[in-house]
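**Q** Quick one: sequence plus predicted model below, questions after.
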Amino acid sequence: MKRNTSLVVLAIVAVAALLFVGRHMVKKSNGSSQVVDKAYGSPAPEFELSDLNGKQVKLSDFHGQAVLLNFWATWCSPCKIEMPWFVELQKQYGPQGLAVVGIAMDDANKDDIAKFAKDMGVNYPILLGKEAVGEAYGGVQFLPTTFYIDRKGRVVERVFGLTGKGEIEDNVKKALAGISAPAQNAQVSDQGKSGK
């Protein structure tokens, strides 16, 4: 009985530590002038970030395309589950106008992120995240966090945590069609709420 109690306590401490570390590894900012509105259909905040080759990339570079904007980190286990799905969806829906864009929100250096992306077979741009961008998108409290943006640059859906491939594909279709979700709070999946 004591061993079971010890295991439960250890598990609780481990989960609490992961939540604490994960929350603090996601970068914080002093504020931003533009923040995602809670209402769906609001414009996605513009940003400019460096990709893994040092090229500056703006959200507006994808004007006319639906964008799956995924905030992730190399240490995030649910992110590793989603990434192969994003690779498949980019192949399948890229010709229809989908652009998957990943924003790395951890402290790993550019070379480590590039190696991780290569090992995962990523076929879409990976950008190096900044505090202000996470804050502009409402603060990235969970990883992964994914925004689905339509061809006109409006947020049609946002999801915190890991969801199934079918749900991700449904959201991609909504973004391609420009269908906004009903005004409601962002989805938070039951799996991977902590992003760890």
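**A** Sure, I can see it. In this text the structure is predicted, and so the values were computed from the model without any measurement.
**Q** Can you read off the pLDDT for the residue nearest to residue 177 when sequence neighbours are not counted?
**A** Spatially, and ignoring its direct neighbours in sequence, residue 177 is nearest to residue 150 (7.7 Å; Cβ to Cβ, 6 or more residues apart in numbering). From N, CA and C alone the C-beta is placed, and that goes for glycine too. You'll see residue 150 listed with a pLDDT of 97.
**Q** Tell me how far stretch 85-98 lies from the chain's centre.
**A** Its chain's C-alpha centre and that of stretch 85-98 lie 16 Å apart, by Cα atoms, centre = their mean, to the nearest Å.
**Q** Please renumber the chain so that the first residue is 27 from this point on.
**A** Sure thing, new numbering starts at 27, so read that last one as stretch 111-124.
**Q** Need the residues that contact it.
**A** Here stretch 111-124 makes contact (Cβ atoms under 8 Å, 6 or more residues apart in numbering) with 90-94, 96, 125-126, 128, 146-150, 177, 191, 194-195, 198, 201-202.
**Q** Derive a ChimeraX selection command for the buried subset of the residues you listed.
**A** Burial among those is assessed by 16 or more other Cβ atoms under 10 Å; the matching ChimeraX selection reads:
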select :91,92,93,94,96,125,126,128,146,148,150,177,194,198,201,202
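**Q** Inside helices: which ones of the contacts of stretch 111-124?
**A** Using DSSP state H, the members of the contacts of stretch 111-124 that fall in helices are 191, 194, 195, 198, 201, 202.
**Q** Tell me the one of those residues nearest residue 69?
**A** Of all the ones in helices among the contacts of stretch 111-124, residue 69 sits closest to residue 201, with 13.9 Å by Cβ to Cβ.
**Q** mind listing the strands for this protein?
**A** Shown for the chain, the strands assigned by DSSP state E span residues 74-76, 82-84, 92-98, 124-130, 152-154, 171-175, 181-186, 213-214.
**Q** Output the ones you listed in JSON lines; the columns should cover distance to residue 110.
**A** Formatted as JSON lines, the strands of the chain follow (distance: least, Cβ to Cβ, whole Å):
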{"stretch": "strand 74-76", "distance to residue 110": "23"}
{"stretch": "strand 82-84", "distance to residue 110": "22"}
{"stretch": "strand 92-98", "distance to residue 110": "13"}
{"stretch": "strand 124-130", "distance to residue 110": "12"}
{"stretch": "strand 152-154", "distance to residue 110": "14"}
{"stretch": "strand 171-175", "distance to residue 110": "15"}
{"stretch": "strand 181-186", "distance to residue 110": "17"}
{"stretch": "strand 213-214", "distance to residue 110": "21"}
